[in-house]
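1. Predicted coordinates and the sequence they were generated for:
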Number of protein chains: 2
Amino acid sequence: MGKQTVRLEGPVVILGSAAAVGRKEAEGPLRERFDRVFQDSYCGQASWEKAESFLQKTAVRLACGKAGIEPEGLDCVFAGDLLNQCIASAYAQRGLDVPFFGLYGACSTMAESLALAAMTVDGGFARHCAAVTSSHFCSAERQFRTPLEYGGQRSPTAQWTATAAGCCVLARHGEGPRVTHLTWGEVFDAGVTDMSNMGGAMAPAAYKTLWQHFADTGRTPRDYDLILTGDLGALGAEVLTEFFARDGMDLAGRYDDCGLLLFSRETQDVHAGGSGCGCSAAVLCGHVLRGMREGRWKRVLFAATGALMSPTACMQGESIPAICHAAAITTEEE
Amino acid sequence: MGKQTVRLEGPVVILGSAAAVGRKEAEGPLRERFDRVFQDSYCGQASWEKAESFLQKTAVRLACGKAGIEPEGLDCVFAGDLLNQCIASAYAQRGLDVPFFGLYGACSTMAESLALAAMTVDGGFARHCAAVTSSHFCSAERQFRTPLEYGGQRSPTAQWTATAAGCCVLARHGEGPRVTHLTWGEVFDAGVTDMSNMGGAMAPAAYKTLWQHFADTGRTPRDYDLILTGDLGALGAEVLTEFFARDGMDLAGRYDDCGLLLFSRETQDVHAGGSGCGCSAAVLCGHVLRGMREGRWKRVLFAATGALMSPTACMQGESIPAICHAAAITTEEE
C-alpha cells in the first residue's frame, strides 16, 4: 500500500521482548522497565566491545525466554550495531547456530531489524525470528570520538550513546502486540555537517518517513497513542514537532523520543539526550512493549532514526545522510 | 524446507544485472564480462571512499537499465560494503529516493542482499528490488591494513580486495534467471586468528552452508552446473574441496571460486586470489548471470562467504567468525 508502506497480512506477533542495560541507563526514569542491569561497564567481559556482544546475547536469551522458546529454536536473527564491521552482533551470534543477517542502519537498526524480521515471518519464511540491536557508550566513544581518558568537552547538542541492547522475538502465532504496518525509509541528507548534532541531521528523515506513513495509510497522528522517534534528542524532537506543526498536525500529548525517555536531562548530564542503536532498542523492548502489554498504549508508531555517516566521511567534508524506518504496533484488533 | 533453506514460491526473476570494475579487474581473465570499467582508481571522485560509492551507483543504474526500469522505480534496495559504517552504500543511496536497507555481511553481502531482496519480492512486499554490493582495494587497504604508501609486504595467503560493484534487479515477472532456493548462513568460527588467511577462516562456513543446502533440498553437487563460492581464494577453495572429498562428494568440474575467477594468479600478483564484497558481486552480476543468459550454465549455486571480524576484534585476540549464505539460480523450468 502506498509508496513506502507495506501492510502485513499478519498476524505478526511480538511474542517476547527484553532489554539489557548498563548502570547509567538503570539510573534514569525508566529504571524499573528493563529486564537486566549490568553495574559494571565491562559486563564481566575482557573489553567494552565484548561487553556489548554480551548485552546482545543477554537480550536474545531473555526475549526468547519470555517467548517460551530456546534461542536455538529461532529460525533466524536480524542484528546490527554501531561498531566497525558490526562486531558486537557477529560475535554475539557465534555459537548460537541460528541463521544470521547482519545489518547496518546506525541508530535506526532496531526498526530496520524489526521490519525485516516482520516481513520474514509474514512472508512465511520463518516461524520465529529475532530482531536485536545494541550500543555501548565506551566502545562508541573511542571509535567515533575520542578515547574516554582524553576527557573531551561535549557540545550542548551532543547525545549520550546508551549502553543497552533490546530484542524482539516475532512469530506467526501467539499472544502479544502485533506489527501491522512498515514504512521503509529512504536516505535523506539535509546538509548538516556537525557530527555533534545528530538530532538535527536525523529530524528531517524522521519527518519524511512519518509524513509518508500518514500519506500511505490514510492515518493521522491521532490514530496513535504514542508516536516514538529514536533517537532525535531534545533538538531533533523540537525540529520534528515544529515541522508537523507547520503542516497543521499537532503531535502534543502523543509524541515522544527514545533519547528523551531513557535519561533524565536534569540529573544525568547527557546534554541533548540518549542515542545509539541500543537506546531505541531498550526503550522499545523494555519500556514500550511492556507498556502495551499492560494496556498503557494500544497503538504505537515506532520510528527509529539513524545517521549514516562515518568519521572518515565527515573528515572528507561530507554532510550526514540520515534514515528512518517506521513500524506500527498494536494490541487492538484491526 | 529444512533447517536453513527456503524454497521460494516464485518466480523471482533476475531481470537485470550489471558489474562496474576497476582497471586491474578489467585486466584479468573476465575482462570482457563487465559492463563498465574505470581506468582511474578515483572514478573521477575526490576520494577512494567516494569512488566506491560511485561504483555502486553505476552498477545500480546499469542493472536498472537492463531491467528496463528507472532506478527511481525500484521499491527498495538492499546494499552493503566493507567500509566502517557502510558509507559506500549509504552515500550511493543518497538522492535516489528509494527505500534502503543497509547490510553488513562482509564478503558474503552479495548473497545476503540477494537473499533478502528475493524474499521481499517473493513475499509480495515489492515489485522491483535491487541487491548491490561493492568494495575498493584502496579504501579497504587503508582501513583494514596499512596505508598504501607504506608498501607493506603481503602474505602468500592474503587476497586482493577487488575494486568492483555488482547489482541485481529482482522482480516477480519477466525474463531472466530465477532465484529458487535460499540457504541462510549461520556464524561459524573455526578458530583461525590470522587476518591474512581469510580463505582458511571462511572455508568451514562455506562447507557448512553448502552441506546444509544439499541436506535440506535433497540435491547433490551433480544437480548444479556451477557451484560458486566467493571469495575463498586458492587456499580456502582447496580446503573446501578436500572437506567434500572426505564426504565422498567430488566437486571437480563444477566448482569454482569468485576470488580465483576474477584475477590471474600467474600474472596479476594477487597471491591467493581476489576478495572483497565487490569480487563475488562483479563475478556473479557480470560473468555468471551473463553466462546463464547465454546458456553456458543452467543451474548455479552461488555461495558468498564473509569474515565477520574487525581489526579491533583481532587486536583483542579474537578469532575470525565467518558466514556463508547461498542462493540457487536457474534458467530451467523447475
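-> Sure thing, it's come through. Numbers count the residues shown, from 1 in each chain, chains lettered A, B, ... in the order given.

2. make it CA atoms for all contacts and neighbour counts henceforth
-> Noted.

3. Quick one: name the residues of the stretch 1-150 of chain A near chain B.
-> With CA under 8 Å from any CA of the partner chain as the criterion, the stretch 1-150 of chain A comes near chain B at residues A:3-4, A:6, A:47, A:49, A:75, A:82-87, A:90-91, A:93-106, A:112, A:119-120, A:122-125.

4. What is the neighbour count of the residue of the stretch 151-300 of chain A found nearest chain B?
-> Among the residues of the stretch 151-300 of chain A, residue A:186 lies nearest to chain B; the distance is 4.2 Å by CA to the nearest CA. Using other CA atoms under 10 Å in any protein chain shown as the criterion, residue A:186 is surrounded by 28 other residues.

5. Residue A:276 too?
-> One way to gauge burial is a neighbour count; for residue A:276, by other CA under 10 Å, it gives 32.

6. tell me the contacts of the residue of the stretch 151-300 of chain A closest to chain B?
-> Going by CA atoms under 8 Å, 6 or more residues apart in numbering or on different chains, residue A:186 touches A:205, A:209, A:323-324, B:97-100.

7. hang on, the earlier thing: can you pick out the ones from the residues of the stretch 1-150 of chain A next to chain B that are in strands?
-> Counting by DSSP state E, the residues of the stretch 1-150 of chain A next to chain B place A:6, A:100-103 in strands.

8. Indicate the residue of the stretch 201-334 of chain A located nearest to chain B.
-> Taking CA to the nearest CA as the measure, the point where the stretch 201-334 of chain A comes nearest chain B is residue A:310, at 5.7 Å.

9. which residue sits closest to that residue, ignoring its sequence neighbours?
-> Distance criterion CA to CA, 6 or more residues apart in numbering or on different chains; nearest residue to residue A:310, sequence neighbours excluded, is residue B:85 at 5.7 Å.

10. any idea how far residue A:311 is from that neighbour?
-> In this structure, residue B:85 lies at 9 Å from residue A:311, with CA to CA, to the nearest Å as the measure.

11. the more surrounded of the two?
-> When residue B:85 is set against residue A:311 and neighbours are counted by other CA under 10 Å, the residue ahead is residue B:85, at 29 against 16.

12. so how far is residue A:85 from that one?
-> In this structure, residue B:85 and residue A:85 are separated by 7 Å, where distance is defined by CA to CA.

13. repeat for residue A:173
-> Spatial separation of residue A:173 from residue A:85 under the definition CA to CA is 34 Å.

14. Close to chain B: what parts of the stretch 151-300 of chain A are there?
-> Those residues of the stretch 151-300 of chain A that sit near chain B, judged by CA under 8 Å from any CA, are A:184-189.

15. which of the residues you listed tops the neighbour count?
-> Sorting these by how many neighbours each has (other CA under 10 Å) puts residue A:185 first, at 32 neighbours.

16. Quick check, it in contact with residue B:97.
-> No - when contacts are counted by CA atoms under 8 Å, residue A:185 is not listed as touching residue B:97 (9.1 Å).

17. who touches stretch A:191-203?
-> With CA under 8 Å, 6+ apart as the criterion, stretch A:191-203 contacts A:155, A:157-159, A:189-190, A:231-237, A:239-240, A:305-307, A:314, A:317-324.

18. out of the residues you listed, which are inside strands?
-> A:189, A:305-307, A:321-324.

19. Out of the ones in strands among the residues of the stretch 1-150 of chain A next to chain B, who's the most crowded?
-> Within those, most neighbours by other CA under 10 Å means residue A:101, with 30 neighbours.

20. ok, now which ones touch the nearest residue to that residue once chain neighbours are set aside?
-> With CA to CA, 6+ apart as the criterion, residue A:101 has its nearest non-adjacent residue at 4.9 Å, and that residue is residue A:78. Counting by CA under 8 Å, 6+ apart, residue A:78 makes contact with A:100-103, A:113-114, A:116-117, A:129-132.

21. of the residues you listed, closest to chain B?
-> Distances from chain B to these, taken as CA to the nearest CA, are shortest for residue A:103 (4.1 Å).

22. how near is that closest one to residue A:242?
-> Applying CA to CA to residue A:103 and residue A:242 gives a distance of 31 Å.

23. What of residue A:128?
-> With distances taken as CA to CA, residue A:128 is found 40 Å from residue A:242.

24. In terms of neighbours, single out the busier of these two.
-> Ranked by neighbour count (other CA under 10 Å), residue A:128 and residue A:242 place residue A:128 first, with 26 against 15.

25. which helices and strands sit right next to the strand or helix carrying residue A:140?
-> Under DSSP states H and E, the secondary-structure element containing residue A:140 is helix A:137-144. In this structure, helix A:137-144 packs against helix A:48-67, strand A:160-161, with contacts taken as 3 or more CA pairs under 8 Å, 6 or more residues apart in numbering or on different chains; DSSP states H and E.
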